[in-house]
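Visitor: this is the structure alone, sequence omitted:
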């Protein structure tokens with residue numbers, strides 16, 4: 001996935017390819033290096049659910065490197081892997097009148113080392129490693145209204161992810177332990193039960209958000225469609241306390257160079273990757 005961002009224009013998708021993995025990631029990357037001209041791009045990887053942890057904690061004053069180490073050991077009992085060798089980064093949360101907090105993003109060495117080594121073996125530079133919460137934030141930021149927050153819900157093959165953003169920044173992320181596959185395969189009666197669970201989770205999150213961020217009015221909830229799941233949007237519209245709209249990528253991203261992405265199923269498959277590709281690197 002490659003997206004070009006230029007001032008005054010919609011982000012434009014220039015490349016969207018799905019490749020069957022080879023014997024290992026290094027082999028796959030090596031095979032793709034020349035045909036996709038990978039040397040000419042900033043390369044990043046997106047960790048799937050279950051391969052990292054996100055922990056909300058109080059911010060620590062001081063240089064970033066020192067703050068990371070303090071938070072690393074502070075969270076040692078809240079993380080399911082050894083923190084001494086884990087990769088860690090801190091994502092500040094806009095205070096908005098609250099005590100400063102950060103999201104600590106942690107991944108075990110057993111996850112990170114093979115990933116980094118696969119790029120090294122292919123003689124490619126890995127610019128960044130991202131997570132779905134931030135990929136979804138990047139999409140949400142394109143839809144925000146000025147001085148208003150936005151809730152967004154997207155399901156994939158693993159789970160549902162509900163995010164609240166404001167000013168292009170992530171405020172809250174909530175995971176819903178229901179997958180798109182569960183919704184697709186459910187009987188009509190079971191699907192209705194799952195819809196109810198989803199709506200209850202969203203409403204609880206909305207109530208909690210209102211208590212924590214009462215100064216941030218929400219413009220609504222944007223929901224990613226799940227091809228093949230009917231009745232989903234209507235149920236949410238009828239059972240939630242805010243406006244629910246369907247995510248339409250063509251409104252915020254130029255897909256003309258990759259018309260295959262106009263297909264709802266293809267969009268569903270690529271949504272996380274699209275969000276990750278929207279990442280804007282800090283100016284050097």
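Guide: Yep, it's here. Values in this document were obtained by computation on a predicted structure and should not be read as measured data.
Visitor: element containing residue 103, please.
Guide: strand 101-107 (DSSP states H and E).
Visitor: quick one: whichever helix or strand comes after that strand to strand 101-107, angle?
Guide: For strand 101-107, the succeeding helix or strand toward the C-terminus, using DSSP H and E, is helix 109-121. Between helix 109-121 and strand 101-107, the angle comes out at 70 degrees (axes from the mean of the first three to the mean of the last three Cα atoms, to 10 degrees).
Visitor: list the buried residues of the helix or strand just after helix 109-121.
Guide: Downstream of helix 109-121, the next assigned helix or strand under DSSP H and E is strand 126-130. Buried residues in strand 126-130, counted by 16 or more other Cβ atoms under 10 Å: 126, 129, 130. Just so you know, the C-beta spots here come from the backbone N, C-alpha and C atoms, and that holds for glycine as well.
Visitor: what of stretch 90-106?
Guide: Neighbour counts over stretch 90-106 (16+ other Cβ under 10 Å) mark 90, 91, 93, 94, 101, 102, 103, 104, 105, 106 as buried.
Visitor: of these, which pair is most distant in space?
Guide: Between any two of those, the greatest separation by Cβ to Cβ is 21.4 Å, found for 94 and 106.
Visitor: and of the buried residues of stretch 90-106, the nearest to residue 253?
Guide: residue 91 (23.4 Å).
Visitor: the closest one bridge partners, please.
Guide: residue 103 (DSSP bridges).
Visitor: please enumerate the strands of the stretch 1-150 of the chain.
Guide: Per DSSP state E, counting those that start in this stretch, the stretch 1-150 of the chain carries strands over the ranges 2-4, 12-15, 43-46, 53-58, 87-93, 101-107, 126-130, 149-155.
Visitor: want to try CSV for the ones you listed, with mean pLDDT and distance to residue 164 as columns?
Guide: CSV is the format used below for those (pLDDT from 0 to 100; distance: least, Cβ to Cβ, whole Å):
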stretch, mean pLDDT, distance to residue 164
strand 2-4, 93, 24
strand 12-15, 94, 26
strand 43-46, 94, 21
strand 53-58, 95, 13
strand 87-93, 95, 11
strand 101-107, 96, 13
strand 126-130, 94, 19
strand 149-155, 97, 5
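Visitor: quick check: chain neighbours aside, which residue is closest to residue 76?
Guide: For residue 76, ignoring the flanking residues on the chain, the nearest one in space by Cβ to Cβ, 6 or more residues apart in numbering is residue 83 at 4.6 Å.
Visitor: and residue 64, by the same measure?
Guide: In space, and not counting its chain neighbours, residue 64 is closest to residue 90: 6.9 Å by Cβ to Cβ, 6+ apart.
Visitor: list the residues that contact that neighbour.
Guide: By Cβ atoms under 8 Å, 6 or more residues apart in numbering, residue 90 lies in contact with 59, 64, 67, 68, 71, 102, 103, 104, 105.
Visitor: same thing but 10 Å
Guide: Counting by Cβ atoms under 10 Å, 6 or more residues apart in numbering, residue 90 touches 57, 59-60, 64, 67-68, 70-72, 102-105.
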